[in-house]
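Visitor: Have a look at this prediction, sequence included:
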Amino acid sequence: MKREAEVPRSALHADPAEDARDLRRLERTWSPERGLWGWLTSVDHKSIARRYVATALVSFVLAGINALVMRVQLARPESHVLGPDAYNQYFTTHGTAMMFLFAVPIMEAVGIYFVPLMVGTRNVAFPRLNALGYWTFLVATIFLWASFYANVGPDAGWTAYVPLSGPQFSPGKRVDTWAQMITFTEVSALIGAVEIITTAFKQRAPGMSLNRIPLFVWAEVVTAFMILFAMSTIATASMMLAMDRLIGTHFFNPAEGGDALLWQHLFWFFGHPEVYIIFIPATGMVSAMLPAFTRRPVFGYTAIVLSLIGTGFIGFGLWVHHMFATAVPWLGSSFFTASSVMIAVPSGIQVLCWIATVWDGRPRLATPMLFILGFLVLFVIGGLTGVMIASVPFDLQMHDTFFVVAHFHYVLIGGAVFPLFGAFYYWFPKVTGRMLGERLGKWNFWLFFAGMNVTFFPMHFLGLLGMPRRVYTYSPDLGWGPLNMTATVGAFVIALSVLVFFANVARSLARGAPAGDDPWGADSLEWATASPPPPYNFRYPPVVQGRAALWSRTPDAPVVTGLRTDKPEILMTTLLDAEPESRHVHPQPTIWPLVTAIGLSVLLLSLIYTPWGLIWGAAAVSIGLIGWGWPDHHRGARLEERG
Amino acid sequence: MTLPLRARRWAAAAALLPLAACDQRVQSALDPAGPQAERIRRLMVMSIWIAAPIAVAVTAAVVWAALRGRDSAHVPETPRADRRMAATVAGLVAATVVVLFVWMISDFSAIRSLSKLDGRPLAVTLVGHQWWWEVQYHDSVASHQLTTANEIHIPVGRPVLVTLESRDVIHSFWVPRLHGKRDLIPGYTNRIWLRADKPGAFRGQCAEFCGQQHANMALWVIAEPQARFDAWYRAQLQPAAAPADSTRIAGQKAFLGNSCVMCHTIRGTPTGGRNGPDLTHLGGRRTLAAGTLPNTPGHLGGWVVDPQGIKPGTTMPPNNLRPDELRALIAYLEGLK
Amino acid sequence: MSAPRTVYDASALPEVVYGSKSLAFWGTLGFMVVEGTTLAILASSYVFLWSNFDRWPPAGTSPPSLLVPTISMLFLLASNLPARQLAKAARAKDLRACKRWLVACTLCSAGWIVLRLLEFRSLNTRWDDNAYGSAVWALAFAHFTLLAVEMAETLLFTLVFLTGHAEEKHFPDIVDDVVYWVFVTVVWVPCWFLLFVLPRLI
């Protein structure tokens, strides 16, 4: 143990040589190890978040290809591109991958990247756990797509309604694949939620009291809380389904007192909040981007925060509106209609605040701003159709039809993917150090906006004309052909716009304009460091002087010094006022999260085939956890050496 | 003269493109034939009339907001301007709440008028199977009870109380021109009230994903004047007529001598299979295989020989029949009016 | 950007903090929420399925015996006494007391496991008998896994401490471990009531 005086600590140096030495030591302390080993052992939130985003985008593309093939099948009546068995795997995998492998993880991944930067800290709260979350997610992704391409993909719908998904009507392992994949992704989502909450609660820069937390961070925190409750529910439900299939329990088997509707209650108690788990971070992105493109703070900070929290609560109170056709009692359904209508209020408040921000600002129509404006229009359309189907009578007609397909694609693509693409354009310079091209960006936006409307607006009519969803074919006599053809054309326009996006990314990575620290003149802390940020994020943890951290910063830019540079130390602050409270040494890069994830894979995958997988798997996981938990104390911190 | 005519047609077609199915509305929720579907249509139209102006207004506001201040010189942010904006936003939020409240009240009043119909109902039980519909008519007289499949005949103007059950997975009964949908859930017994106020054939389709052939699980509701319904009912109660000519006799023999009898019943013959639709009066139905094919001799032959090719996954096995056997079987089955 | 100036020197801040000041506490809390939700969902499913039966346990299934489950539940609660001593020792950074109470707690948690295994036998039903059996077993087994995890964690700490690998940062970790200990033991009380008492009352 070194004596206190010898401990190297960050300080402001007048001497450039000393300053450089200090910086080198900080870099050495925080840098990951080199090469493949370094890649496998990294615990840096930025590199893990980048992998999350990349993996989720792979699923986005593959699930998008599924959608295109389905649209080709439906373009004309009675076509034979896909048979029913293949079609059912295509749409189930499309929905499952888009929800569990793309939307939720990518929203959390952006949080894992930017929450630490926005609150001015150096890493997420539990870096090794974060790595475990990613590896688990990667296994889930590989697992689902491998099953799909091996023609054993899940085929009971992303909702996996029992008894169809039960042992009697779905023999084979397709549904088990689905159930275990759900458990995997939920492990990863839950880990992400714990990371985000703890990071935002305990690691904020001094001065960032509750009322100065950036809206994006608020959105991620509210989402994380929803994830804790919702994802635990679906993980439990999917385990119950797996047990029904593997060891003969009867939770959902009506013949032995089980209940088919129990599954629906559990599924939608998760499934409805799920929509907000995807949508709320997207609203956070909108609130994060708007100041830079309107050159003013977002109007109505407090109203927006309260709306987010309100949405989080009400989001758990409307699951039964997915079950109106199962004949829930009148009184119950009225309650759920009322809550489903009322959740439009907090969303409406946010929309009005954003429009007010644009109205009173000086808008700059760069690509991220276009995506925000597109989002506002599309989301309002999706929200209005949402209020329509909150009504029991309306829903009884339109439930499980293409009207609903149109509705939730307006909400999910318009409400979440548009802000996400805006965020790609906005934060790409921070992550890579290079700007995305504006010209291609505008093509990307307009093609996406047009394609979105051409694809999904006609689906409202298809629903009204009686077309149910999840059908692999339809009769020419029903007159749905032209609208379906239109939708298919639109789907290819969307695909083209996504291609333009990837072309833009490739071009920028090769020869994009250098971004500099703060290309947009934005207001939050991630722009106070280099692009891309160094492994330690900030040379000196910043001190926050106002809600718009960078705009309110005084010219002499206050910082925190005195953190050790020879250990990965972070500053912890109090929950409410973000007063400095303690220093915390972060873990070093380690292989054990990967080993644990492999153990977890053994556990969950073997459970598809035999209950004894529980024993083998528990042993495999234990190996990882023991290696993880055993202290490595290469710093000589052992109490008993000190005597 | 042909050219302008064709041009006119094209113009009309283009104008109606979004609703090109106007003349094919056998399954359209926009073309109600009963009181409930009509009530819901009114609610839907009202909702669209509320929503459309809001969507237009928001779009206009977004576009205008984005364009008005663009490239302008510095707009001073005064606390006063922000206060004025706060008042505007608060007013719009209040307006939103009021609109939503009114909207919700109209929803509730619509629910109330849907739950029950007056009058002594015709009682029908609909049992969902993968992937067809079993239809049972109840009567206090046991000999007046009737089982048929994939077609529900009802008298015009009389309420019908349909009891919904399932033997396998969840299905959903949905005839958009009469009413919204209601699920058939194993372990539960659901009910739905219907009434057709005009005669006609209304197509319905399973609306809850139920496995491989969910897409081909349709049914027809045929509403007829009471007298015609009664006649139909009396005819249905009769067992199948004994085949009169030699082809049909051979057809019946083929039916009884093959695996058909494992699953199907033809009343009046020694058959009792319950796994598939009752075929006693198959010849009188509009479609085959739950709305998959029109009921013609050609389609019937194709269906008997190669059901898996037509409806992959269906529980009906393929049948290896000699050509003359098949011809006779078709003649026999089509003769079961 | 002009030259930054120091406004806060963090060098004097403590490195080892306890309770809600420590990161691990929040992580533990997060996982308690997850596991609490899991148990709540299983308990709700139990009640939901109950409504499908006239008699609960259903006719033909004998009710679970009360004796062993009650002893087991009381033992869970009693095990909080040594756990409390352990937390006290950890807060006082008393290495020797920590070792002593860690061993005691590990033995206690082994006792939980043994009692729970006996308890499974006194459920008088199998998970594949009917929906009742499934619901009972799911709740009891889910909680059993929490007990096993807590036992494993305590055992790991015990080994680290007994082999002389303890570091100062482990003291707050032990306090968090005890927080989780309290959670897994107390959370069983409503479950016990639901599985063993309520069906007798109604």
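Guide: Right, received. Where do you want to start? Residues are numbered from 1 along each chain as shown, chains lettered A, B, ... in the order given.
Visitor: alpha carbons only for contacts and neighbour counts from here, please
Guide: Fine.
Visitor: Let me see the ranges of the helices in chain B.
Guide: Along chain B, counting by DSSP state H, helices occupy B:2-15, B:35-68, B:79-114, B:226-237, B:246-257, B:297-305, B:307-310, B:323-334.
Visitor: how about those in a markdown table, adding mean pLDDT and distance to residue B:123?
Guide: Compiled in a markdown table, the helices of chain B are given as follows (pLDDT from 0 to 100; distance: least, CA to CA, whole Å):
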| stretch | mean pLDDT | distance to residue B:123 |
| --- | --- | --- |
| helix B:2-15 | 48 | 43 |
| helix B:35-68 | 94 | 18 |
| helix B:79-114 | 87 | 18 |
| helix B:226-237 | 95 | 13 |
| helix B:246-257 | 93 | 32 |
| helix B:297-305 | 95 | 31 |
| helix B:307-310 | 94 | 32 |
| helix B:323-334 | 94 | 28 |
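Visitor: most packed of those?
Guide: Most buried of these, by mean neighbour count (mean count of other CA atoms under 10 Å in any protein chain shown): helix B:323-334, with a mean of 21.
Visitor: Number of residues surrounding residue 75?
Guide: All of this refers to chain A. By other CA atoms under 10 Å in any protein chain shown, the residues close to residue A:75 number 21.
Visitor: you looked at the wrong chain, it should be chain C
Guide: Residue crowding around residue C:75 was assessed by other CA under 10 Å; the count is 17.
Visitor: where's it relative to residue C:189, distance?
Guide: Residue C:75 sits 11 Å away from residue C:189, going by CA to CA, to the nearest Å.
Visitor: And residue B:305, by the same measure?
Guide: Computed as CA to CA, the residue B:305 to residue C:189 distance reads 64 Å.
Visitor: circling back: for residue A:411, find the nearest of the helices of chain B.
Guide: Nearest to residue A:411 among those is helix B:35-68 (13.8 Å), distances taken as CA to CA.
Visitor: Give me the helices and strands touching the closest one, please.
Guide: Here helix B:35-68 touches helix A:344-360, helix A:367-390, helix A:392-398, helix B:79-114, going by 3 or more CA pairs under 8 Å, 6 or more residues apart in numbering or on different chains; DSSP states H and E.
Visitor: got TSV for those helices, with distance to chain C too?
Guide: Formatted as TSV, the helices and strands packed on helix B:35-68 follow (distance: least, CA to the nearest CA, whole Å):
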stretch	distance to chain C
helix A:344-360	26
helix A:367-390	25
helix A:392-398	24
helix B:79-114	27
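Visitor: What number of residues are in the vicinity of the residue of chain C found nearest chain B?
Guide: Distances between chain C and chain B by CA to the nearest CA are smallest at residue C:52, namely 9.6 Å. Using other CA under 10 Å, the number of residues around residue C:52 comes to 18.
Visitor: quick one: pLDDT of residue A:197?
Guide: Residue A:197 carries a pLDDT value of 97.
Visitor: so what's the spatially closest residue to it that is not a sequence neighbour up against?
Guide: Spatially, and ignoring its direct neighbours in sequence, residue A:197 is nearest to residue A:221 (5.5 Å; CA to CA, 6 or more residues apart in numbering or on different chains). Counting by CA atoms under 8 Å, 6 or more residues apart in numbering or on different chains, residue A:221 makes contact with A:193, A:196, A:197, A:200.
Visitor: Can you show me the helices along chain C?
Guide: For chain C, applying DSSP H gives helices covering C:23-50, C:67-78, C:80-91, C:95-121, C:131-162, C:170-186, C:188-192, C:198-201.
Visitor: In CSV: these, plus mean pLDDT and distance to chain B.
Guide: What follows is these, written out as CSV (pLDDT from 0 to 100; distance: least, CA to the nearest CA, whole Å):
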stretch, mean pLDDT, distance to chain B
helix C:23-50, 95, 12
helix C:67-78, 96, 33
helix C:80-91, 96, 45
helix C:95-121, 95, 30
helix C:131-162, 95, 13
helix C:170-186, 95, 36
helix C:188-192, 97, 28
helix C:198-201, 91, 23
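Visitor: now those in CSV, with distance to chain A?
Guide: As requested, the helices of chain C are exported to CSV (distance: least, CA to the nearest CA, whole Å):
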stretch, distance to chain A
helix C:23-50, 6
helix C:67-78, 22
helix C:80-91, 13
helix C:95-121, 9
helix C:131-162, 5
helix C:170-186, 9
helix C:188-192, 16
helix C:198-201, 16
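Visitor: Could I get these in TSV, plus columns for distance to residue A:106?
Guide: Formatted as TSV, those follow (distance: least, CA to CA, whole Å):
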stretch	distance to residue A:106
helix C:23-50	21
helix C:67-78	41
helix C:80-91	39
helix C:95-121	40
helix C:131-162	30
helix C:170-186	31
helix C:188-192	36
helix C:198-201	44
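Visitor: which residues of chain A score low on pLDDT?
Guide: Residues of chain A meeting the criterion pLDDT under 70: A:1-5, A:633-637, A:641-643.
Visitor: Nearest the geometric middle of it, what residue?
Guide: Closest residue to the average C-alpha location of chain A: residue A:107 at 2.3 Å, with CA atoms, centre = their mean.
Visitor: Surely it is in contact with residue A:276?
Guide: No. Residue A:107 lies out of contact with residue A:276 (CA atoms under 8 Å); the separation is 11.1 Å.
Visitor: Tell me if I'm right that residue A:250 and residue C:137 touch.
Guide: No. The criterion here is CA under 8 Å, and residue A:250 misses it with residue C:137 at 11.3 Å.
Visitor: So which of the two has more stuff around it?
Guide: A side-by-side neighbour count of residue A:250 and residue C:137, using other CA under 10 Å, places residue A:250 first with 27 against 21.
Visitor: and that one, how far is that from residue A:240?
Guide: Taking CA to CA as the measure, residue A:250 falls 9 Å from residue A:240.
Visitor: hey, what's in contact with both of the two?
Guide: Contact criterion CA under 8 Å, 6+ apart; residues shared by residue A:250 and residue A:240: none found.
Visitor: Now residue A:325: phi and psi?
Guide: Main-chain torsions, residue A:325, degrees, to the nearest 10: phi -80, psi -10.
Visitor: who touches the one helix or strand residue A:39 maps to?
Guide: Taking DSSP states H and E as the criterion, residue A:39 maps to helix A:35-41. Contact with helix A:35-41 is made by A:32, A:33, A:589, A:590, A:591, A:592, A:594, as judged by CA under 8 Å, 6+ apart.
Visitor: what do you get for stretch C:158-172?
Guide: Defining contact as CA under 8 Å, 6+ apart, one finds that stretch C:158-172 is touched by A:630-631, A:633, A:637-640, C:16-19, C:22, C:90-91, C:93, C:99, C:102-103, C:106.
Visitor: List buried residues within the residues you listed.
Guide: Among the contacts of stretch C:158-172, those classed as buried by 16 or more other CA atoms under 10 Å in any protein chain shown are A:637-638, C:16-18, C:22, C:90-91, C:93, C:99, C:102-103, C:106.
Visitor: just these now: which is nearest residue B:249?
Guide: Proximity of those to residue B:249 (CA to CA) peaks at residue C:106, which lies at 83.4 Å.
Visitor: for the closest one, what are its contacts?
Guide: Contact partners of residue C:106, counting by CA under 8 Å, 6+ apart, are C:151, C:154, C:155, C:158.
Visitor: cool, residue A:253 as well?
Guide: Residue A:253 touches A:163, A:259, A:260, C:131, counting by CA under 8 Å, 6+ apart.
Visitor: Apply 6 Å and report the result again.
Guide: Residues near residue A:253 by CA atoms under 6 Å, 6 or more residues apart in numbering or on different chains: residue A:259.
Visitor: gap between it and residue A:305?
Guide: According to CA to CA, residue A:253 and residue A:305 sit 43 Å apart.
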